[in-house]
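*Asks:* got a sequence here, can you build the structure:
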Amino acid sequence: MTNTLKMIDLFAGAGGLSEGLAQAGFVSLFANEFEPVYATTYKNNHPSALVSTTDIRDIDAAEVRSSINMDREELDLLAGGPPCQGFSINAPIRSSKDARNHLFKEFLRFVEEFAPRAVLIENVPGLVSFEHGATLQAILDSLAELGYGADVRILGAAYYGVPQMRWRTIVIGSRGKELPSDVFPEPLCHAPIRANFRTYFNGLNIVQEPTSETEAKFVTVREAIGDLPPLDNGERGASIKDYRCEPFCDYQRRMRIGSAGVFNHEAPRLSSINMERLKYIKPGGNWLDIPFDMLPKGMQRAKRGDHTKRYGRPDPDGLASTILTKCDPHWGSFFHFEQDRSFTVREAARIQSFPDSFVFTGSMAQQFAQAGNAVPPLLAEAVGRSIKNRLLGD
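*Replies:* Alright, predicted model coming up:
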């Protein structure tokens, strides 16, 4: 199938959602991202899209539609990750005073103007429990008022080939009808992940679980990053590096498609105390491996059953912990499993399932933030393929 479906991406970030949707067969015509560095990364990796950094509250949706020469009801997919918390009319004062909580209304403006065939919204799992589900219900009701049948699921990224413990709430809407129950993608593999958040909405479990017929195994940390070149603590090296070896699994082969080499692969410089702590941490271990007198004062007061990912080395044959906007070992399992250093941006991007051809711009801190904030492209691709199959079926 060719790239025949057209989409726009609002609150686009660096473009993880668009990257996955592009792999599923969608072409991005327009994207809005307020952070200029994020927008530059998006534009560099999606050069055919018109990319705007204007505050979305100041954008005329009709002008956007005119600029990309599109009639109403012609757009196939309107996608994005708008801030949703606090959207409910029952939002407490503490939430409604936060301007970000009303940005979802801007997303609805674009839905109303474009009348796309389908709508895709992604958010954090906590959206389901926020205000006891009132915000999520208000989102579904608002889409219904605009003529869209919509539903929600929580998807585990590891079930779709992403080598980390990450969950996302996904809302899909279809114009003019009730949403088919099979529009959400079935998990592709089993993975040792467990939901630690509310999983029920309107009395139903909305986590999409693998079935007994799901045979594939999850992608491990070693498979995700084991072919990338070794580095010392703080080593920068050439801006484009050679791979360590030939790819030894399907995941690596896929990540290398179209790549000219290894970009964004520079090791952050750890402090001397963290380098000392690192000597004691075994693969699969964490702060509990560190001698008590070498722990930060806050961790010395922590319960031994808490913070199990902090100061961790991932098990190379397991999943990575959720990639954050800062791969700071104090907050997660971000030491390399066999090299005495922390993850690079490229390793974070690989664990997020960004292809190696996707290059991040800005400072190292900005690159980490872009990678950590993104929707994993493989998860987005699975959702996109399911929506595409429904649209083409129609």
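
*Asks:* helices of the stretch 201-350 of the chain, start to end?
*Replies:* Secondary structure of the stretch 201-350 of the chain (DSSP state H, counting those that start in this stretch): helices located at 221-225, 250-255, 272-278, 297-300, 345-352.

*Asks:* I'd like the ones you listed as a markdown table, with mean pLDDT, mean neighbour count and distance to L103 appended.
*Replies:* Quick note: C-beta positions are derived from backbone N, CA and C, even for glycine. Shown next, in a markdown table, are these (pLDDT from 0 to 100; neighbours: other Cβ atoms under 10 Å; distance: least, Cβ to Cβ, whole Å):
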| stretch | mean pLDDT | mean neighbour count | distance to L103 |
| --- | --- | --- | --- |
| helix 221-225 | 97 | 24 | 33 |
| helix 250-255 | 97 | 18 | 33 |
| helix 272-278 | 95 | 15 | 37 |
| helix 297-300 | 87 | 11 | 34 |
| helix 345-352 | 98 | 28 | 24 |
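
*Asks:* any chance of those in TSV, plus distance to E112?
*Replies:* Below are the helices of the stretch 201-350 of the chain laid out as TSV (distance: least, Cβ to Cβ, whole Å):
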stretch	distance to E112
helix 221-225	41
helix 250-255	38
helix 272-278	51
helix 297-300	48
helix 345-352	32
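
*Asks:* can you check which of those helices gets nearest to A62?
*Replies:* Proximity to A62, assessed across those by Cβ to Cβ, is greatest for helix 345-352 (34.9 Å).

*Asks:* what's the following helix or strand after the closest one?
*Replies:* Sequence-wise, the next helix or strand downstream of helix 345-352 (DSSP states H and E) is helix 364-373.

*Asks:* what is the mean pLDDT for that next one?
*Replies:* The average pLDDT for helix 364-373 rounds to 96.

*Asks:* kindly report the same for stretch 39-56.
*Replies:* Here the average pLDDT along stretch 39-56 is 96.

*Asks:* show me which residues of it are buried.
*Replies:* Using 16 or more other Cβ atoms under 10 Å as the burial criterion, the residues of stretch 39-56 that qualify are 39-43, 45-46, 49, 51-53, 56.

*Asks:* quick check: end-to-end length of that stretch?
*Replies:* In stretch 39-56, first residue to last residue: 13 Å (Cα to Cα, to the nearest Å).

*Asks:* so which residues make contact with that stretch?
*Replies:* The contact list for stretch 39-56 (Cβ atoms under 8 Å, 6 or more residues apart in numbering) reads 9-15, 18-19, 22, 27-36, 59, 64, 67-68, 103, 106, 358-362, 370.

*Asks:* please, which helix or strand holds L120?
*Replies:* strand 118-123.

*Asks:* same for that strand, what does it pack against?
*Replies:* strand 77-80, strand 167-175, helix 377-393 (3 or more Cβ pairs under 8 Å, 6 or more residues apart in numbering; DSSP states H and E).

*Asks:* and with 6 Å instead?
*Replies:* With contacts taken as 3 or more Cβ pairs under 6 Å, 6 or more residues apart in numbering; DSSP states H and E, strand 118-123 sits against strand 77-80, strand 167-175.

*Asks:* what distance do you get for the residue of the chain most remote from its centre to D306?
*Replies:* Most distant residue from the mean C-alpha position of the chain: D293, 37.0 Å away (Cα atoms, centre = their mean). Distance of D293 to D306, computed by Cβ to Cβ, to the nearest Å: 19 Å.

*Asks:* no further queries at this time; thank you.
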